[in-house]
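Asker: Would you be able to build a 3D model of this:
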Amino acid sequence: MSKTIEINPEKLSGVPVFAGTRVPIQNLFDYIEGGDTLEDFLDGFPPVTREQAIDVLELAKQSLLKETAKK
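Answerer: Numbers count the residues shown, from 1 in each chain. The predicted structure follows:
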């Protein structure tokens with residue numbers, strides 16, 4: 001998938017997490033959806049780097065653009 005995202009059945013039952021952490025990717029989207037900033041998220045989850053968070057957002061953007069281009 002990505003060097004940023006890790007899926008391991010033995011870590012949080014296979015929930016996608018930021019690689020090298022136990023922080024679910026979903027937390028980033030929950031923060032943003034709730035009106036928090038990227039800085040707020042990074043402050044709340046110090047194991048996640050800025051580069052990892054931006055990479056996940058970029059992957060989501062690319063996926064969305066790819067899906068909408070198919071229609």
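Asker: and the helix or strand hosting residue 66, what other elements does it pack with?
Answerer: In the assignment (DSSP states H and E), residue 66 maps to helix 50-69. Applying 3 or more Cβ pairs under 8 Å, 6 or more residues apart in numbering; DSSP states H and E, one finds that helix 50-69 contacts strand 17-18, helix 25-33, helix 38-44. For glycine as for every other residue, the C-beta is placed from the backbone atoms N, C-alpha and C.
Asker: Now mean pLDDT and distance to residue 54 too, for those, in a markdown table please.
Answerer: Output for those, formatted as a markdown table (pLDDT from 0 to 100; distance: least, Cβ to Cβ, whole Å):
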| stretch | mean pLDDT | distance to residue 54 |
| --- | --- | --- |
| strand 17-18 | 98 | 12 |
| helix 25-33 | 98 | 10 |
| helix 38-44 | 98 | 8 |
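Asker: among those, which is the most enclosed?
Answerer: Among the helices and strands packed on helix 50-69, ranked by average contacts under mean count of other Cβ atoms under 10 Å, first place goes to strand 17-18 (a mean of 22).
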